[in-house]
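A.B. asks: sequence below, structure please.
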Amino acid sequence: MISPNYPLPPPIGWQCQSRLPALIPGPAIPVQTNLSLPKPDLNALLSQLSVTRRQVLPQGMGITNQPARLIPAFWRQFPTGQFNAITDVPGLKVGHVSVYRDLPSKVRTGVTAIVPDAASLTDGQGNLANTAFHAAAVNLNGNGELTGRGPLETAGLLNSPIILTNTYSVGAAHQGVFDYFAKHHRGQWTGQLPVIGECWDGYYNTIEDPALTPQDTVAALESAHSGPVQQGRTGAGTGMRSFEMHAGIGSASRKIRLNGKEYTIGVLVNANHSKLNNLNPLLRSALENQFQTPLENLRQSDNRDHANRPPLPSPRQGSIITMIATDLPLDSKALHQLAERAGLGIGNTGSIMATTSGDYAIAFSTANPVQVGENASPINKSETINPDFLSPIFQATIEAVTEAQLNSITAAHAK
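C.D. replies: Model (predicted):
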């Protein structure tokens, strides 16, 4: 990343006129210089010099894989997984690509990929192209875009990685998914409808200036890995803003025992929603204790990082996209109920899901992968959880959604 004051060398190949000091008395002699090299595109030059694309970002930049835990004790009735992240669900991977640019305009944006490792989840029998997972999607307040939702809801199956990005980059991300499958599984992907969720990051990011390419989505998919998840101002969350403060990617997980076996529920959010005066007072107090300053001070400090754009209409309150993954054997009906509980976790923080907010949730299970395509079986057999035992699963999910939002804020302010 290069600061706006980075000294650039004089451009070569420009037509210029200079006045050399005369060696004899009299006026200076004008000298015309016109080199044959083409005139460079200054904006392109600055852009190339000042763009930084990162797949793994260092600590100390509003990014961490261990955000401070602030959720009150009465919302901690279930233990977390090893990483307190969506990747605690076996077979789940997350990848980020972030784009920083200061010149010629301020860019803070990126792509996040949530990828089921189909090969490991099918004992090597399947891959991301020919394997689907039971899933459901819910429109909590649909002033936004979630592509691929139609076939997901119709079949109750997810046959695509999930990509998160900014509003203006949905098309680039869409093409990037096609490019990824063409590169790695050519001719095998029968789904052909990428699942892309967007949030508007135009407060911190000059969103009108295209900064993301299909290759960034390919890179996010290829860099996806298990283990700790980078959170805060990274990937799709790089330019996001929640409760009028830096936020972005947040993740959390919960463990639950059923019938003597331990299962995991993992959540990842891209938090870009709500106003500070809506924040739950208990959570506001916890955040102020963590940051050792009133949140109004933090809001004012964060707002100075804006992208120098004209004032926005004051009612606009952004969006939140929620991903819920689990290894519990749930069918699409139960997963629909699980996705609905994301709204309760969002409400716990104080968000009202304003009319301008694009709030969607997807829930999917890795427990019973379904073969699709040429080798698909006409009959699928799988176990599912008795609906009478869903209530504690709902509660654990609400806890994880609540905490993931807090983690997005604390991670975004990590030092």
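A.B. asks: pLDDT value on Leu312, please?
C.D. replies: Per-residue pLDDT puts Leu312 at 59.
A.B. asks: from the contact counts, what lies against the host helix or strand of Asn141?
C.D. replies: Secondary structure assignment for Asn141, by DSSP states H and E: strand 131-142. Using 3 or more C-beta pairs under 8 Å, 6 or more residues apart in numbering; DSSP states H and E, the elements in contact with strand 131-142 are helix 149-155, strand 157-158, helix 332-340, helix 342-348, strand 358-365, strand 370-371. To be clear about C-beta, it is placed using only N, CA and C from the backbone, and glycine gets the same treatment.
A.B. asks: what lines up beside it in the sheet?
C.D. replies: strand 157-158 (antiparallel), strand 358-365 (antiparallel), strand 370-371 (antiparallel) (DSSP bridges).
A.B. asks: what residue ranges in this protein score low on pLDDT?
C.D. replies: Within the chain, the stretches falling below the threshold (pLDDT under 70) are 1-61, 74, 309-316.
A.B. asks: got the buried residues for the strand holding Asn141?
C.D. replies: 131-138, 140-141 (16 or more other C-beta atoms under 10 Å).
A.B. asks: output the helices and strands packed on strand 131-142 in a markdown table; the columns should cover distance to Gly126 and mean neighbour count.
C.D. replies: Below are the helices and strands packed on strand 131-142 laid out as a markdown table (distance: least, C-beta to C-beta, whole Å; neighbours: other C-beta atoms under 10 Å):
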| stretch | distance to Gly126 | mean neighbour count |
| --- | --- | --- |
| helix 149-155 | 17 | 16 |
| strand 157-158 | 13 | 25 |
| helix 332-340 | 19 | 21 |
| helix 342-348 | 28 | 22 |
| strand 358-365 | 15 | 27 |
| strand 370-371 | 6 | 18 |
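A.B. asks: of all these, which lies closest to Asn205?
C.D. replies: Evaluated over those, closeness to Asn205 peaks at strand 358-365, with 16.4 Å, by C-beta to C-beta.
A.B. asks: tell me the angle of the closest one relative to helix 332-340?
C.D. replies: Relative orientation of strand 358-365 and helix 332-340, computed by axes from the mean of the first three to the mean of the last three C-alpha atoms, to 10 degrees: 140 degrees.
A.B. asks: could you pull out the helices in this protein for me?
C.D. replies: Applying DSSP state H to the chain gives helices spanning 42-50, 118-121, 149-155, 170-184, 214-223, 281-291, 295-303, 332-340, 342-348, 391-412.
A.B. asks: and the third one, what does it pack onto?
C.D. replies: The helices and strands touching helix 149-155, judged by 3+ C-beta pairs under 8 Å, 6+ apart, are strand 131-142.
A.B. asks: nice, that's everything, thank you.
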